[in-house]
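Novice: Can you look at this prediction? I've put the sequence above it.
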Amino acid sequence: MSRLDRVRAALSAPTFPELSQTLRALYVHYVALTLMAIVLVWQPVAILFTEPTAVEWALNAGTFAACVACLALVRRGHVAVAGSTLLGTVWVGHAVLVTVQPNIVGADFGGFLGLVVAAGLLVGSRAAFVVAAASAGLGILIGNWAGDAALTQTNGVATMAGWALYFAGTAGLVGIANYCVRLVLQRLNTSQERFRAVTEGSRDLVAELDQDGRIVYASPNHEPVMGYRPVDLSGRRAFDLVHPEDQQRLLDRFARGEEANQRLFRFRHAGGSWRWIETNSHTFQTAEGAPRTITVSRDVTERRQLEERLHQSQRLESVGRLAGGMAHDFNNLLTVIRGYVEMLRNESDRDELREVAEASESGTELIRQLLAFSRQQPVRPRVVDVGDIVRGLEGMLQRLIGETTAIQLDLTPEPTCVKSDPFQIEQVLVNLVVNARDALPNGGEILVSTRNRGPEGESGDSVLLEVRDNGEGMDEETVTQIFDPFFTTKAEGMGTGLGLSTVHGIVTQNDGSIEVETKRGEGTVFRIRLPRTHETVRAPTQAAKSATTPAADEVTVLVVEDNAAVRRFVRRSLEEGGYRVLEAVDGSEALQLAMQRGRVIDLLLTDLVMPGMTGAELHERLQAAYPKMGTLFMSGYLKGDDRALQALPTRHPMLSKPFTGDELLLELQRIRSRRELRSRR
């Protein structure tokens, strides 16, 4: 620092946190400098034109020293002591001068400055204002006369009294001015307190930036929200803390002076993470003309994550709707393929036909697994073997987890039967295995096992499904949240947070329980217990083949199906089974056929989901004309068609596509048997 800079620093007035203290310090500081300047100028003039006495030399030297001491006291924050010292120095010097030399005209400068200092120190004192105002009138009336008379008197006491009255009037006027200043200060303080309350009590982050983007002011709540103390942010360039991908965009707009309106960007937290910030800004100029920008920002990271999870859920729902549409079409195709293959196998059991039949079965399972994975499969509880489901999914699970991870099965040879929707069990297994795969970024092993367990662990009344991995594991805090909807430990955009919550919901819906055993770095085990049933799993294909269908040449079936290939297959299967067949493309055509004179309809076989009239609506309209008519619904996919689902009569059976001709004939025979039983009653 140069000598000139040091002089400037010494002469500049200090500032303090409180505005009123800063103003008082400025007052005393510059009055002291003024007195020092008067002494420095007056003493040489006195030497040139008069012969200063020893008293004058002493007073000037004492005043100068007192002013220097006052400057030091002000810089240390002792403003009241400095003002009192300055006031005492001025009045002592004035009293001595007017007593020793009553004709000195310069004394009024010192007295005036002393009273100005006094008034400055009394800012905010109501008593001082009253005293000054009361003396103002008297001072104005007789101050001038007394002061002028005092200049010609030799009596020091009279002279001093005259000057006192004169300066009392002046002090009154200054006191009034300072009272007005006090009112302004009160309003400024109120405004400051209001600003402090707003910035400290709000969730928003308030900051002031200079023209270079450096932070001039940061509100205190930056610390709890972003981890930065305001003093740490002061002087830092705000854009250095912005994510590199967002930085240039914000810099360009800041350079153009654009004001922000709910602008989104990422800001670095003190802990190193990135937080989404929504900000509004406003530009203004200081009294000196310097441009400034006020920003009001809010941490919207949680809202952004919720929005992203919602979008992911919507995308998943779209995938589910797509899967449902695909399932409907593929099930129609598979119905035709499986049906005709079974017909051909009844005539010739060639290896090629067996391969096609197995491929069509695989296609059927693939469609069911796709619906289970997208949570679009309708819920239909029945007795299933958990071990059989795991075996059937092994190939699909291996494809899901990739080549770097191995899946091992440890399944008990005993039946592990539960009463549940098999597709829900598949969905639980798929979600748990996918979750285990994500815990093995570098590959590893996943073990799936089944056991029958009782209350004490021995063979008993529950089925245990266990999925174990040797991956990263979880800490206690994570375990407490893993079943919460939308909670995920995956990177942004890598997971919906719905997998384990779905598993928990399915297990609870089936009166089961789920447990987690995990430790950081030692892997995770999910244990699911479902109520065991002692019923056996029915083999529908074998039952269909062993069924004997009696002659049905007297039974008329009205087939309503919008898919031509499925309709042709169903007609052929029914005719080979001995049924008379009427066929229609939709509900309107079916009504026209049914209402023709002489028509007799014993059974209605209709697709549930069709353009225009649904199968359930067609059934209701035909039931009035044919009250003894039996009905069998068929559908490749129901989920998502609310109108068809709501209208579905629960007392009538439904045959899910794809099906074989034998399965169709078996269902029709069951309907006929129930009708015959009711008629005998």
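Specialist: The structure has been received and is ready for your questions. For clarity, every value in this text was computed on a predicted model and none was experimentally measured.

Novice: buried residues in stretch 667-674?
Specialist: Neighbour-count burial for stretch 667-674, counted by 16 or more other Cβ atoms under 10 Å, picks out E667, L668, Q669, I671, R672. For every residue, glycine as well, the C-beta is placed using N, CA and C.

Novice: Low-confidence ranges, the stretch 551-681 of the chain, go.
Specialist: Along the stretch 551-681 of the chain, segments meeting pLDDT under 70 span 551-553, 597-598, 637-651, 675-681.

Novice: Could I get the full set of helices for it?
Specialist: Secondary structure of the stretch 551-681 of the chain by DSSP state H, counting those that start in this stretch: the helices cover 564-576, 587-594, 615-625, 642-647, 661-680.

Novice: next one: the stretch 401-550 of the chain
Specialist: Under DSSP H, counting those that start in this stretch, the stretch 401-550 of the chain gives helices at 422-438, 476-479, 499-509, 540-546.

Novice: Comparing these, which comes out most buried?
Specialist: Among the helices of the stretch 401-550 of the chain, ranked by average contacts under mean count of other Cβ atoms under 10 Å, first place goes to helix 422-438 (a mean of 23).

Novice: for that helix, packing partners?
Specialist: The contact analysis (3 or more Cβ pairs under 8 Å, 6 or more residues apart in numbering; DSSP states H and E) places helix 422-438 against helix 351-373, strand 382-385, helix 386-401, strand 444-453, strand 462-469, helix 499-509, strand 524-531.

Novice: rewinding a little: distance to N60 added to the helices of the stretch 551-681 of the chain, as a markdown table?
Specialist: Formatted as a markdown table, the helices of the stretch 551-681 of the chain follow (distance: least, Cβ to Cβ, whole Å):
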| stretch | distance to N60 |
| --- | --- |
| helix 564-576 | 119 |
| helix 587-594 | 118 |
| helix 615-625 | 114 |
| helix 642-647 | 102 |
| helix 661-680 | 123 |
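
Novice: quick one: which of those helices is nearest G83?
Specialist: G83 sits nearest to helix 642-647 of all those, at 84.0 Å, using Cβ to Cβ.

Novice: Output the lowest mean pLDDT helix or strand found in the chain.
Specialist: helix 540-546 (a mean of 42; mean pLDDT, DSSP states H and E).

Novice: Now do the contacts for L73.
Specialist: By Cβ atoms under 8 Å, 6 or more residues apart in numbering, L73 lies in contact with V79, V81, A82, T85.

Novice: a helix runs through it, doesn't it?
Specialist: Yes: assessed by DSSP: H, G, I helix; E, B strand; the rest coil, L73 belongs to a helix.

Novice: how close does it sit to L33?
Specialist: Separation of L73 from L33 (Cβ to Cβ, to the nearest Å): 14 Å.

Novice: How about E258?
Specialist: Distance from E258 to L33, by Cβ to Cβ: 45 Å.

Novice: same thing with L264?
Specialist: 52 Å.

Novice: between those two, which one's more packed in?
Specialist: L33 (15 against 12; other Cβ atoms under 10 Å).

Novice: OK, contacts around R298?
Specialist: Contacts of R298 (Cβ under 8 Å, 6+ apart): R203, D204, L205, I277, E278, T279.

Novice: Just the element for it, please.
Specialist: Per DSSP states H and E, R298 falls inside strand 291-299.

Novice: Partner strands of that strand, with direction?
Specialist: Strand 291-299 has its sheet partners listed here by DSSP bridges as strand 205-209 (antiparallel), strand 274-285 (antiparallel).

Novice: of all these, which gets the most neighbours per residue?
Specialist: strand 205-209 (a mean of 20).

Novice: what's next to it, contact-wise?
Specialist: In contact with strand 205-209 (Cβ under 8 Å, 6+ apart) are residues 199, 215-219, 221-222, 225-226, 233, 238, 277, 292-299.

Novice: Would you list the buried entries among those?
Specialist: With neighbours counted using 16+ other Cβ under 10 Å, these contain these buried positions: 199, 215-216, 218-219, 221-222, 225-226, 233, 238, 277, 293-299.

Novice: my guess is V559 meets D586, correct?
Specialist: No: taking contacts as Cβ atoms under 8 Å, V559 lies outside contact range of D586: 11.9 Å.

Novice: what touches both of the two?
Specialist: In contact with both V559 and D586: no residue, using Cβ under 8 Å, 6+ apart.

Novice: which one of these two has more residues nearby?
Specialist: The neighbour comparison of V559 against D586 (other Cβ under 10 Å) goes to V559, with 23 against 17.

Novice: Let me see the contact set for that one.
Specialist: By Cβ under 8 Å, 6+ apart, the residues touching V559 are R567, V570, R571, L574, V581, L582, E583, A584, L605, T606.

Novice: Please repeat the previous calculation with a cut-off of 7 Å.
Specialist: The neighbourhood of V559, defined by Cβ atoms under 7 Å, 6 or more residues apart in numbering, consists of R567, V570, R571, V581, L582, E583, L605.

Novice: quick one: which of these is nearest P653?
Specialist: For the contacts of V559, the nearest to P653 is L605 (10.9 Å; Cβ to Cβ).

Novice: follow-up on the earlier one: so which of the contacts of R298 is the closest to E403?
Specialist: For these, the nearest to E403 is I277 (41.7 Å; Cβ to Cβ).

Novice: Torsion angles phi and psi at the residue nearest to that closest one when sequence neighbours are not counted?
Specialist: Among residues not flanking I277 along the chain, F267 sits closest, at 4.6 Å (Cβ to Cβ, 6 or more residues apart in numbering). Main-chain torsions, F267, degrees, to the nearest 10: phi -130, psi 140.

Novice: And for F267, the neighbour number?
Specialist: With other Cβ under 10 Å as criterion, F267 counts 19.

Novice: so which of the helices of the stretch 551-681 of the chain comes closest to V68?
Specialist: Closest among the helices of the stretch 551-681 of the chain, using Cβ to Cβ: helix 642-647, at 91.4 Å.

Novice: pLDDT below threshold where in the stretch 401-550 of the chain?
Specialist: For the stretch 401-550 of the chain, applying pLDDT under 70 flags the ranges 454-460, 484-499, 538-550.

Novice: at 90 what do you get?
Specialist: Across the stretch 401-550 of the chain, the ranges flagged by pLDDT under 90 are 401-408, 413-415, 419-445, 452-462, 469-524, 533-550.

Novice: again, but for the stretch 1-150 of the chain
Specialist: If you take pLDDT under 90 as the line, the stretch 1-150 of the chain has these spans: 1-64, 66-68, 70-150.

Novice: repeat that for 50
Specialist: 105-107, 109-113, 116-117, 120, 122-125, 127-129, 131-150 (pLDDT under 50).

Novice: quick one on the thing from earlier: right, and the helices of the stretch 401-550 of the chain - which one's nearest V356?
Specialist: For V356, the closest of those is helix 540-546, at 15.5 Å, according to Cβ to Cβ.

Novice: tell me the secondary structure for the residue nearest the centre of the chain?
Specialist: The chain has E302 as the residue nearest its centroid, 1.5 Å off, counting by Cα atoms, centre = their mean. Classification of E302 by three-state DSSP places it in helix.

Novice: where's it relative to R268, distance?
Specialist: E302 is 17 Å from R268, by Cβ to Cβ.

Novice: Repeat that for K628.
Specialist: For K628, the distance to R268 (Cβ to Cβ) stands at 77 Å.
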